[in-house]
Structures are given as structure tokens and as C-alpha cells.
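> sequence plus the predicted model coming up.
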Amino acid sequence: MTSYQDFDDHIAQINDLCCVINLLNWDARTQMPAGGNETRGRQMGTVARLAQELFASDQTARLLDSVEAEIAGEDSGSYRVRAVRQAREAYELSRRVPVKLVAELNTLKSVAQQYWDEAKESNDFDHFAPSLERIMEMTRQVAHYIGYQDHPYDALLLRYEPGMTAARLKKIFSELKETILPILERAAAQGDPRLDFLDRDYPEEGQRAFSLEVASEFGYDLNRGRLDRSAHPFEISFTRNDVRITTRYNRRFLPQALFGTLHECGHAIYEQNVDPALTGTALTTDLLDLYAVGGVSYGTHESQSRLWENLVGRSYGFWQVHYPRLKHVFPSQLADASLEEFYRAINRVHPSPIRTEADEVTYNLHIMLRVEIEMALMEDKLAVKDLPEVWNEKTRAYLGIIPPDNKRGVLQDIHWSAGLVGSFPTYTIGNIMSAQWYTAAQRDLPEMDAALEQGNYAPLFGWLRDHVYRYGRTFSASELLQRATGSDLNSERYRAYLSKKYGELFPE
Ligand code: ZN
């Protein structure tokens, strides 16, 4: 056997363990009775530890050394070279943080999530504050060990969006504010569209059938996928041949399951269309997080969910084709709502305290306020005990509203209790990228717009498969963007998209 085959087999074993963790995780969130919580936690911990030990082993170091010698001189863009480089980078990075600190943080996370859950339930921030303080303290230590030049936040971004920095984010945010705030002002001045027909009785079967039909039209292959129900919607994969999504139904609010499903379907289409040659390799495994995933970065993944959900699914052209069919599924519920009224209702711009319920425009403001808070916490310029007050103040400054309680304010998101500090920016990065991919596809495919208006998604899907999906983790997000669109991350296209769409909805 060559060194490369040994290396590939070794990584494939780690990938198998990661897929097992994903499967245990999927089951816990969709099928498992509540009583299984504790034992399942232990099982997942055991498999995660095995994967961790395998990757951090001396065997990995030896294999990397010999495989690097074997592939020296090969084309720097080949899968082999890229896979070895990814594994080497993850290996070196993971060794910077002491094993003891990682273990302590993992233990703390499971305890903290329970405190967060209880604190949210009882609207009592103080119940969660001590665990949060420790998480932030340990996260500062992690940033210290990883190392950074300008800002501790840069070290955390390395995990979710390599290449992104606090300084770049600040610039992007100020550009976005210039576009978003005037739209928000005009929307507020012009008042809400008609919304009553969204809040009618929409039986679950109809919602499910319609969402799945659209998901398949977009390109989600149900022979290698399925849709289940969960409290929080998610997408998860066990190689490209089994990529599952979940959604949450609200009988009295049609958009929830519909757009939630299209969102997760965008994530799933990405995973299903990675080049089969990459299955089980370092180019479909996040070796730093030990997570089986084909997408290159959190932001790139999010760009696909947002592209299908928003740029396609919330467009006027999409509903010209699909509204008659939706009306066919829900004839009495939508009898008195015109296409125009429906389109305006699903694109309502309205500040609300909850991020996950936010519209396309105000969503980014929710991200900005969280990121500003995270940066201040990492610099030790903000104390955890002051968080509720700072949160409310920032929500007022950005959105003009004050959350009615901490449950719908500082306690609303699970991220911090799960140790995810530095991941929020990737939602906005995803929004920005989605417009870059879309306009590049338009530029390359003159027939794309006409096809979309006919409900033909094949040209757009094919372009994304050839320029984004197939590569898995082969290229960095920045390389992918430059190869496919000609430029690095840049907010210009996204701002132009928002200005055009919402300029028509809320004219000056
Ligand atoms: Zn998403």
C-alpha cells in the first residue's frame, strides 16, 4: 500500500465515526424518547472521544509525514494535495489548544446548555450567568492558545470562517447598515401589508407536501434524503448518499415550515452534490470540529440555504409559478389573497426581538448586535452580568424595540451555551455570498432568468453544482468565490439585491 492509501483509510475511519455521531444526533433530535437523553449523551461522548483520539494520535502525525513526502511535487490543486493540506492544518491547529482545556470546555458545555434551557424557561438570566462567565473565560483562553495578530475574535473566526477577521467584519457591517437602515425606515413609514391570510388553519399534510415538492424541484434528491420534524430545524449528513432535513410546522402560520424547509433544503443540496470521489476523505470532514460535512465554511453553507430560501423562494418570479399551486393545496385559506398580496406578506419588513423570526432585511441587524457583544466579551471590555442591559440597549439602537423579557432577548439563542462564540457572523456572510453566487450564475447563463420564471431550476442548480458543491472542502471560501465570481467576499451584490427588491416593495 502507498502512504496515501494508508492516510486515506485512516481519515475514512475518522469520517465514519463522525457520521455515527451525526446519526446519534439526528436520532436524538427526531425520534428518541426524552428518557434516552442521558444515555445518548454518554454514547455520543464515547464516539466523539474515539474520533478525537484517532485524529490526535501519533499515527496521524506519522501518516502525515510520509504522505507529504509521497505527494511532494504534485499539482497544488489536486484532491490529494488539498486533502493532505487540510488534515495538516487541522492537526497543527488542534494541537495548539491544550487537551485539558478542550475537555473542560466540553464538560462545561453540556452543563451550560441545561442551565441555559432552564434559565430561558424561567426567564432568569442569573441562573445561566455563572456558566456563561466560565464559557467566555475559557473561550478567551482558547483564542490565546490559537493565537492572533489584531483581535482575539480573529482566532475564533478561524474555526468557522477562515480568512475572516474582526476588522473586515466591522467594515462589512458599516456598509450593510448604509443600505439596510433606510429600507427599514421606509418600511416602517409605509406600514404593514395585509397579513391576515397567513394566520389561518393550514393542515400539516398540505404544508409538508407542498414544501417537499418545491424542494425536489430545486434539486433535493429524496432517494438520498428525507424530511422529518424537530423542535429546531436542521440539516445533517452521513455522506452525500444520505442527507436529511427537518422542519417545524405551525398550523396557524404558513411561512414557518415552508421557508424553513427550503432553507434546510439549500444546505442539503450542497451536501448531496459533493463530488462522489471525496466521500469519506479529509475534503468532506471538518477535522478540527470532527464533524462529517462537505461544505467548505459555515458562511458558504449558509449562502446556499439563503440562496434557495430567499433569492429564489421569496422572489416574485417564484410565486408567479407556484402561487396557483399553493392555492390549489389551500383553496379556502388563500381564496381572498392575490399573488401581489401574498408576495408582500412573505416579504414584510418588521423589527422583532427574535433573530430566527426576523425578515431578510432586519436579520443582519440581529447579527451585528450579537457580534459587537461577542467582540467586547472577548476583549474583556464587557462583563457577563451587564449583558441583559447591553443587549436591550443595542436592540433598541438597531431595531427600535426593546425585548419584552430576557427570554426573548439575551437568552434567545443556544449558541453561547454550546460554546459557539464567533459563529454568528457566518449568517450574514452567507447572505452576502448568496448574492455573489446568484449574480455570477446570471452572468454565465444568459438563459437562467427566463428558466427561473418558468420554474426551471436546472440551470442555476447546475451552475452551483459545478462551481460550488462538487468541490466540497477542496478550496477555501475565498478561493471558491474568486474562481467562480472573480472577486473575494464583497457586500456590493447583496446590497444591490436588497436595494432593488425592497426599493420596489417600499418606494421612496
Ligand atoms: Zn442555515
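Structure's in. What do you need?

> center of this structure, which residue is that?
The chain has E302 as the residue nearest its centroid, 4.1 Å off, counting by Cα atoms, centre = their mean.

> against G295, how distant is that residue?
9 Å (Cβ to Cβ, to the nearest Å). Yep, even glycine has a C-beta here, placed from its N, CA and C like the rest.

> now swap in K407 and tell me
According to Cβ to Cβ, K407 stands 32 Å off from G295.

> now for the closest residue to L377 other than its chain neighbours: which residues touch it?
Take L377 and drop its neighbours on the chain: the residue closest to it by Cβ to Cβ, 6 or more residues apart in numbering is M136, 5.2 Å away. Contacts here follow Cβ atoms under 8 Å, 6 or more residues apart in numbering; on that basis M136 touches L377, M378, V384, W416, V421.

> and those, which are buried?
Neighbour counting with 16 or more other Cβ atoms under 10 Å marks L377, M378, V384, W416, V421 as buried within those.

> of those, which is the nearest to R85?
Among those, V421 lies closest to R85 (Cβ to Cβ), at 26.6 Å.

> list of residues touching the strand or helix carrying D65?
Taking DSSP states H and E as the criterion, D65 maps to helix 58-71. If you take Cβ under 8 Å, 6+ apart as the criterion, helix 58-71 is touched by 2-4, 6-7, 10, 54, 78, 80-81, 84, 87-88, 91.

> swap the cut-off to 6 Å and go again
Contacts to helix 58-71, defined as Cβ atoms under 6 Å, 6 or more residues apart in numbering, come from residues S3, Y4, D6, F7, H10, R80, V81, V84, R88.

> which ones are touching R408?
When contacts are counted by Cβ under 6 Å, 6+ apart, R408 touches P353.

> repeat that for 10 Å
Neighbouring residues of R408 by Cβ atoms under 10 Å, 6 or more residues apart in numbering: K120, N123, S352, P353, I354, E357, T395.

> sitting in helices, which of those residues do you find?
Counting by DSSP state H, those place K120, T395 in helices.

> give me the more crowded residue out of K407 and G295.
Between K407 and G295, G295 has the larger neighbour count (other Cβ atoms under 10 Å), namely 25 against 18.

> residue contacts, the nearest residue to that one once chain neighbours are set aside?
Spatial nearest neighbour of G295, chain neighbours left out: H301 (3.8 Å); criterion: Cβ to Cβ, 6+ apart. Listed by Cβ under 10 Å, 6+ apart, the contact set of H301 reads E235, G266, H267, Y270, E271, V293, G294, G295, T426, G430, M433, A477.

> would you confirm that the third one contacts S305?
Yes - with contact defined as Cβ atoms under 10 Å, H267 counts as touching S305 (4.7 Å).

> please say which of those two ends up with more neighbours.
Per other Cβ under 10 Å, whichever of H267 and S305 has more neighbours is H267, with 26 against 23.

> and the more buried one, how far from V371?
22 Å.

> got it, and E340?
As for E340, its distance to V371 is 36 Å (criterion: Cβ to Cβ).

> angle of the helix ranked longest in the chain against helix 58-71?
If you go by DSSP H, the chain has its longest helix at helix 3-30. Angle between the axes of helix 3-30 and helix 58-71 is 130 degrees (criterion: axes from the mean of the first three to the mean of the last three Cα atoms, to 10 degrees).

> helix or strand next in line after helix 3-30, which one?
Next along the chain after helix 3-30, taking DSSP H and E as the criterion, comes helix 37-55.

> show me what that next one is packed against.
With contacts taken as 3 or more Cβ pairs under 10 Å, 6 or more residues apart in numbering; DSSP states H and E, helix 37-55 sits against helix 3-30, helix 79-96, helix 99-122, strand 291-292.

> tell me the contacts of the nearest residue to F318 once chain neighbours are set aside?
For F318, the nearest residue in space outside its immediate sequence neighbours is V312; the separation is 5.7 Å by Cβ to Cβ, 6+ apart. Applying Cβ under 10 Å, 6+ apart to V312 gives the contacts V214, F218, L262, G266, R306, F318, S434, Y438, L452, Y457, L460.
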